[in-house]
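S.K.: one predicted model, sequence on top.
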Amino acid sequence: GENVEQHPSTLSVQEGDSAVIKCTYSDSASNYFPWYKQELGKGPQLIIDIRSNVGEKKDQRIAVTLNKTAKHFSLHITETQPEDSAVYFCAASFTVTGANNLFFGTGTRLTVIP
Amino acid sequence: ETGVTQTPRHLVMGMTNKKSLKCEQHLGHNAMYWYKQSAKKPLELMFVYNFKEQTENNSVPSRFSPECPNSSHLFLHLHTLQPEDSALYLCASSLGTSGGVMGEQYFGPGTRLTVT
């Protein structure tokens, strides 16, 4: 099955700096890569995703890049703010009709220092 | 709010108890999921239901018994659990289980379960 590794496990940045979280996956057939943000006491919330037919996607201060050859993808947060502090999870799946099994990384705890 | 609610939010139970977790989604989705989240481990998919039919059982022990009476409700019945089953149990839903927007999963806040 798919194996997703995520680094770093913890990350502290100063407010206004950028944060980068990296993930690798093992199954070359994976074609959907979402990122989730989990705040204390809440479930994970989808913040951005990318599919294998594109290399980069942006949404305001967050962006995700995908390198299919190297089987890795990254989350980039620019101009970080204290409210960005949370645990971030990457995931990968091979989406075919009737299946949508997400394989998650172990999470990155991001702390933005005011 | 994501449109997925879970009750109770916290549950403490003994190893001989029987309890149930409830999930309800208000998004008009057709697929629902149970996940287990333990400290320092990836989220583990437990069960998938699509149009009330179970489509995935990820080798979950029989002491966890899911029930999906309709596309909006999902239950997880618990009996004779072990202390290592203590975790956050998350419910999620999606429009479908295929690719694209259909498969985007929305999570509830979870039930924090402690087995004593």
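M.R.: Happy to help now that I have it.
S.K.: doesn't B:E84 lie inside a helix?
M.R.: Yes - the assignment for B:E84 by DSSP: H, G, I helix; E, B strand; the rest coil puts it in a helix.
S.K.: so what's the residue count around it?
M.R.: 8 (other Cβ atoms under 10 Å in any protein chain shown). C-beta here means a position set from N, CA and C on the backbone, and glycine is covered the same way.
S.K.: which residues sit in contact with the residue lying closest to it once chain neighbours are set aside?
M.R.: Nearest-residue entry for B:E84: B:V115, 7.9 Å, with adjacent residues in sequence omitted and distances by Cβ to Cβ, 6 or more residues apart in numbering or on different chains. Residues in contact with B:V115 (Cβ atoms under 8 Å, 6 or more residues apart in numbering or on different chains) are B:M13, B:G14, B:M15, B:L81, B:Q82, B:P83, B:E84, B:D85, B:S86.
S.K.: could you dump the residues you listed into CSV with pLDDT and distance to A:L40 added?
M.R.: Below are the contacts of B:V115 laid out as CSV (pLDDT from 0 to 100; distance: Cβ to Cβ, whole Å):
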residue, pLDDT, distance to A:L40
B:M13, 93, 23
B:G14, 91, 27
B:M15, 89, 28
B:L81, 94, 25
B:Q82, 94, 27
B:P83, 94, 24
B:E84, 93, 24
B:D85, 95, 22
B:S86, 96, 18
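S.K.: is the least confident helix or strand in chain B by mean pLDDT anywhere near chain A?
M.R.: The weakest-scoring helix or strand in chain B, judged by mean pLDDT, DSSP states H and E, is strand B:53-57 (a mean of 87). Yes - contact check for strand B:53-57 against chain A, using Cβ under 8 Å from any Cβ of the partner chain: residues in range are B:T55, B:E56.
S.K.: who's in contact with that strand?
M.R.: Outside strand B:53-57, the residues within contact range by Cβ under 8 Å, 6+ apart are A:G98, A:A99, A:N101, B:L45, B:M46, B:F47, B:V48, B:Y49, B:P66, B:C68, B:T97.
S.K.: secondary structure for the residues you listed - can I get that in TSV?
M.R.: As requested, these are arranged in TSV below (three-state DSSP):
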residue	secondary structure
A:G98	coil
A:A99	strand
A:N101	coil
B:L45	strand
B:M46	strand
B:F47	strand
B:V48	strand
B:Y49	strand
B:P66	strand
B:C68	strand
B:T97	coil
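S.K.: ok, so of those, who is nearest A:Q14?
M.R.: The nearest member of the contacts of strand B:53-57 to A:Q14, counting by Cβ to Cβ, is B:L45 at 36.3 Å.
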